[in-house]
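Peer 1: model the following, please.
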Amino acid sequence: MIFLRNSIFTLLVLISFNSTAFSSVLDDIVQSGVLKVGTTGDFPGWSFKNPETNKYEGFDIDVAKKLASDMGVDVEFVPTDWKNLVSGVVSSKYHMTSSASITAQRALTAGYTDSYYGTGTVAMTLTKNNSEIDNWESIDESKSIAVTMGTVFENEAKKSFPDSKIIAVEAPAREYQEVLSGRADVSLTSKVDALKLVTLYPELSIVNLDEPKNAKLFAILVPREDQEWINFINHWIADQKNKGFFDQTAAKFGL
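Peer 2: Numbering: from 1, shown residues only. Sure, this is the predicted structure:
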C-alpha cells in the first residue's frame with residue numbers, strides 16, 4: 001500500500017512537472033509582443049519582397065498582419081528560403097511560416113494548421129515555344145525541367161519526369177529564371193504563382209492552365225508539438241473564413 005501511494009505521488013509530480021514545463025509559442029508571442037513569421041519573399045502575389053520599397057507584400061503577408069493585429073502584437077517577417085523553411089520553424093527561428101503546400105514529408109517534422117487555399121501544379125515555357133510544348137505529354141525526356149530547390153515541385157519533377165534533366169536552383173534564384181535565360185525548356189510551379197509570373201514576364205506562357213496536376217492545399221507550418229498554438233490559429237482561420245477575409249484578400253491580389 002505504501003509502495004502504491006508513493007508510485008501515485010511520483011506520477012502526479014511528473015504530470016505536474018510536464019504540464020508546467022512546456023511553454024506554448026502562443027505564450028511567447030503574447031509576452032514578447034511580436035509574432036515572428038518565416039517567409040521566402042519570392043512568391044509573387046503571396047509573399048514577395050518588393051525591391052522598390054524593400055517591404056513584403058502579398059496574400060500571405062496580409063494574412064500574417066491580420067493575425068498579428070487580432071492578437072494585439074507586432075509582426076516581424078524573418079527571411080528564409082524553401083530549403084530551410086521547415087528547419088526554421090522547428091528550431092524556433094520563427095513562430096510560424098507563410099503558407100506552404102501540405103506534404104507528408106514536411107508533416108513528419110513540423111505541424112500544419114488547417115488549410116485556407118488550394119491550387120495545382122502547372123508548367124511554364126517561353127511563349128515562342130508554345131507550338132512545341134503545348135501540353136503535359138509534350139514534356140518528355142528531351143526537355144529540361146527547372147524547379148526551385150526545397151519546394152514540392154522538386155519532388156514532383158523527379159517522380160513525373162524521371163528520364164528528364166532536372167535543374168534544381170537554390171534560392172534566392174527561381175526556376176522560371178532558368179526558362180527566361182534559355183537554360184531550361186520548362187519550369188514547374190503552382191497555378192497561382194504562374195498566373196502572376198505571366199503578368200510580370202509576358203515572354204512566359206503557362207503550358208497547361210486548365211490541366212493543373214497534383215492538387216495541393218496551402219497551410220501554415222508551425223511547431224508540431226505545440227497543440228495550443230495550432231488550435232489558436234485554427235480557430236482564427238475558421239473565424240476569418242466565416243467572415244470572408246480569405247476570399248476578400250485573394251480577390252485583392254487577383255488569386
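Peer 1: R106 reaches S87, doesn't it?
Peer 2: No. Applying C-beta atoms under 8 Å as the test, R106 and S87 come out as separate, 10.7 Å apart. Yep, even glycine has a C-beta here, placed from its N, CA and C like the rest.
Peer 1: between those two, which has more neighbouring residues?
Peer 2: R106 (19 against 13; other C-beta atoms under 10 Å).
Peer 1: so where does that one fall, helix or strand?
Peer 2: helix 104-107 (DSSP states H and E).
Peer 1: cool, and V179?
Peer 2: Counting by DSSP H and E, V179 is found in helix 175-181.
Peer 1: in that helix, what's buried?
Peer 2: Using 16 or more other C-beta atoms under 10 Å as the test for burial, helix 175-181 gives E175, Y176, E178, V179, L180.
Peer 1: tell me which residues touch the third one, please.
Peer 2: Taking C-beta atoms under 8 Å, 6 or more residues apart in numbering as the contact definition, E178 lies against A146, I167, V169, A184, S187.
Peer 1: remind me what the one helix or strand Q248 maps to packs against, helices and strands.
Peer 2: Assigned by DSSP H and E, Q248 belongs to helix 245-252. Packing partners of helix 245-252 (3 or more C-beta pairs under 8 Å, 6 or more residues apart in numbering; DSSP states H and E): helix 59-71.
Peer 1: pLDDT weak spots in the protein?
Peer 2: 1-22 (pLDDT under 70).
Peer 1: 80 - rerun?
Peer 2: Within the chain, the stretches with pLDDT under 80 are 1-22, 209-210, 212, 254-255.
Peer 1: just the strands in it please.
Peer 2: 34-39, 42-43, 47-50, 55-57, 74-79, 96-97, 99-101, 111-112, 117-126, 144-148, 165-169, 186-190, 204-206, 213-222 (DSSP state E).
Peer 1: can you list the buried residues in the fifth one?
Peer 2: Across strand 74-79, burial judged by 16+ other C-beta under 10 Å covers V75, F77.
Peer 1: same question, the fourth one
Peer 2: Buried positions in strand 55-57, judged by neighbour count with 16+ other C-beta under 10 Å: Y56, E57.
Peer 1: which secondary structure elements does it sit against?
Peer 2: strand 47-50.
Peer 1: each with direction, which strands does the strand it packs on pair with?
Peer 2: strand 42-43 (antiparallel), strand 55-57 (antiparallel) (DSSP bridges).
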